[in-house]
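1. Just the structure for this:
(one chain, ligands or ions: 1)
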Amino acid sequence: GTTLKAAAERSGRYFGAAMGSDRLSDSGFLNIASREFDMMTAVNEMKPDATEPNPGQFDFSRGDAIYNWATQRGMRFRGHTLAWHAQQPRFWGSLSGSALRQAMISHINGVMAHYKGKLYAWDVVNEAYAENGTRRSSNLQSTGNDWIEVAFRTARAADPSVKLCYNDYNIENWTYAKTQGVYNMIKDFKARGVPIDCVGLQTHFTGGSSLPGNFQTTLSSFAALGVDVALTEADVTNASTSQYQGLTQACMNVPRCVGITTWGIRDSDSWRGSENPLLFDRSSNPKPAYTAVLNAL
Ligand code: XIL
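-> Here you go, the predicted model:
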C-alpha cells in the first residue's frame, strides 16, 4: 500500500503532523511518523514561552530535538509560533506599550536567527482575531493595531527564505465573520506590500458530518489573494470519515492548498483526546478516517 506522504507528494503537496518532545521516546509514534509524514511541527516547543523563558535568554533545546529528529528523516518543518496571546513568556506579562512591542520584535529576531534557512514556514502570528471578525483583545493588540504587520516585516528581514504565515481557527466557513475579518487583513496586507506568504487554517472541526459552509470557497478565496493556504492543525470530532474526506478533497481542489497537517498522530497524542479526533487509534492502527484521507489524496 501507499502512505499519506507518498499520496500527497503525487500532487506536490505534503502531509504533516505535530509532535511533542515527549514523543521522541515513543516508538509507536515514531514508527508511524517516519513512515507516513513528510512535514513536522512542534506542539509546544517552539512557542514563545518555550523559546525565550527569560528576556534575551533563548532555549532551543526541545524544539531542536524535534527538528533534528524530523529533518534527519527527510521531513520539512513548520515553525509554530512567534507571536500569540497565549503561551507567552512570563516576563511579557509585566510589559506593555513600546516595551512589549520591542520584546515581541526581539523575540522574533532571536528565534528566527536560530532557525534561519532551516524551516519551510513560520506561523508568525497565531489567533489574532475574535469570533466577531474584529481583532482579539490581547496585550499585543494593546500595543497598537499595527503589531501584526510589524511582526511580519520583522520576520521577513530576519529570514527572507522562509514562508511567513498567519494562522487561526474558525476561519473555515466562508460566510463567518471571523473568516471575513482575517480575509480583509490579508487583502489589505497584499495591497500595501506587507510581506505575507500563507494562511494556515487550523481546521479543528467539531461535530456533524458535513464541512463548515463553503470550506473550499474559503481556501480558493484566500489563495486568490496571492497566498498559499494550508490546513495546519486538523482534527475532527470522532474522526468523521466524511469530514476528513471532505477537508482533504477541498485542499486537493485548490492548487495553492499546499498541504495538510494533523495535530498529533494517534488519539492518545491529541489535545482533544477524549474526542478521538485523529487518523490513528491508541494502538497505532489506522482508523477508517485514514483510508478516507488516503483515498482523497
Ligand atoms: C495546544 C497544544 O496541543 C497543547 O498541548 C497546549 O496545552 C495548548 O496548545 N491552536 C494552536 C495550537 O495554535 O498551538 C494549540 O496547541 C491548539 C490550538
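
2. So for the closest residue in space to Asn173 that isn't next to it in sequence, what's the pLDDT?
-> Counting by C-beta to C-beta, 6 or more residues apart in numbering, Asn173 lies nearest to Pro212, which is 3.8 Å off, once chain neighbours are set aside. The way it works is simple: take the backbone N, C-alpha and C, and place the C-beta from them, glycine included. Pro212 carries a pLDDT value of 91.

3. anything in stretch 13-20 sitting right up against the ligand?
-> No - shown here: stretch 13-20 not in contact with the ligand (C-beta under 6 Å from any ligand atom), separated by at least 6.9 Å.

4. gap between that stretch and the chain center?
-> Put simply, stretch 13-20 sits 10 Å off its chain's centre (C-alpha atoms, centre = their mean, to the nearest Å).

5. Same question for stretch 30-39.
-> From the chain centre to the centre of stretch 30-39 is a distance of 18 Å (C-alpha atoms, centre = their mean).

6. before we move on, what about stretch 73-81?
-> Distance, centroid of stretch 73-81 to centroid of chain: 10 Å (C-alpha atoms, centre = their mean).

7. Then stretch 76-87?
-> 8 Å.

8. what about Ile32, how many residues close to it?
-> Neighbour count for Ile32, taken as other C-beta atoms under 10 Å: 22.

9. returning to what we had before: count the neighbours of the residue nearest to Asn173 for me.
-> The number of residues packed near Pro212 is 22, by other C-beta under 10 Å.

10. how about it, secondary structure?
-> coil (DSSP: H, G, I helix; E, B strand; the rest coil).

11. I'd like the distance between it and the ligand.
-> Relative to the ligand, Pro212 is positioned 16 Å away (C-beta to the nearest ligand atom, to the nearest Å).

12. residues in contact with that residue?
-> If a contact means C-beta atoms under 8 Å, 6 or more residues apart in numbering, then Pro212 has 172-173, 176, 205 as its contacts.

13. show me what contacts Cys251?
-> By C-beta under 8 Å, 6+ apart, the neighbours of Cys251 are 13, 219, 229, 231, 257, 259-260.

14. For my notes, please list the contacts of Pro212 in JSON lines and give pLDDT, neighbour count and secondary structure for each entry.
-> Formatted as JSON lines, the contacts of Pro212 follow (pLDDT from 0 to 100; neighbours: other C-beta atoms under 10 Å; DSSP: H, G, I helix; E, B strand; the rest coil):
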{"residue": "Glu172", "pLDDT": "98", "neighbour count": "25", "secondary structure": "coil"}
{"residue": "Asn173", "pLDDT": "97", "neighbour count": "17", "secondary structure": "coil"}
{"residue": "Tyr176", "pLDDT": "98", "neighbour count": "19", "secondary structure": "coil"}
{"residue": "Phe205", "pLDDT": "97", "neighbour count": "22", "secondary structure": "strand"}
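
15. now those in CSV, with distance to the ligand?
-> Below are these laid out as CSV (distance: C-beta to the nearest ligand atom, whole Å):
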residue, distance to the ligand
Glu172, 14
Asn173, 17
Tyr176, 17
Phe205, 13
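
16. Closest to Glu127 out of the residues you listed?
-> Glu127 lies nearest to Glu172 out of the contacts of Pro212, by C-beta to C-beta, at 14.0 Å.

17. ok, and the most crowded of the contacts of Cys251?
-> Highest neighbour count within the contacts of Cys251: Ile260, with 28 neighbours (other C-beta under 10 Å).

18. a strand runs through it, doesn't it?
-> Yes - counting by three-state DSSP, one finds Ile260 located in a strand.

19. which non-adjacent residue is nearest it?
-> Leu231 (4.4 Å).

20. element containing the residue nearest the centre of the chain, please.
-> The centroid of the chain falls nearest to Thr232 when counting by C-alpha atoms, centre = their mean (3.9 Å). According to DSSP states H and E, Thr232 maps onto strand 228-236.

21. In the helix or strand following that strand, which residues are buried?
-> From strand 228-236 onward toward the C-terminus, using DSSP H and E, the following helix or strand is helix 241-252. Neighbour counts over helix 241-252 (16 or more other C-beta atoms under 10 Å) mark 241, 243-252 as buried.

22. same thing with stretch 100-109?
-> Buried, per 16+ other C-beta under 10 Å, within stretch 100-109: 100-101, 103-105, 107-109.

23. Mind putting those residues into JSON lines with pLDDT, secondary structure and distance to the ligand?
-> JSON lines is the format used below for those (pLDDT from 0 to 100; DSSP: H, G, I helix; E, B strand; the rest coil; distance: C-beta to the nearest ligand atom, whole Å):
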{"residue": "Leu100", "pLDDT": "99", "secondary structure": "helix", "distance to the ligand": "20"}
{"residue": "Arg101", "pLDDT": "99", "secondary structure": "helix", "distance to the ligand": "22"}
{"residue": "Ala103", "pLDDT": "99", "secondary structure": "helix", "distance to the ligand": "20"}
{"residue": "Met104", "pLDDT": "99", "secondary structure": "helix", "distance to the ligand": "17"}
{"residue": "Ile105", "pLDDT": "99", "secondary structure": "helix", "distance to the ligand": "21"}
{"residue": "His107", "pLDDT": "99", "secondary structure": "helix", "distance to the ligand": "16"}
{"residue": "Ile108", "pLDDT": "99", "secondary structure": "helix", "distance to the ligand": "17"}
{"residue": "Asn109", "pLDDT": "99", "secondary structure": "helix", "distance to the ligand": "21"}
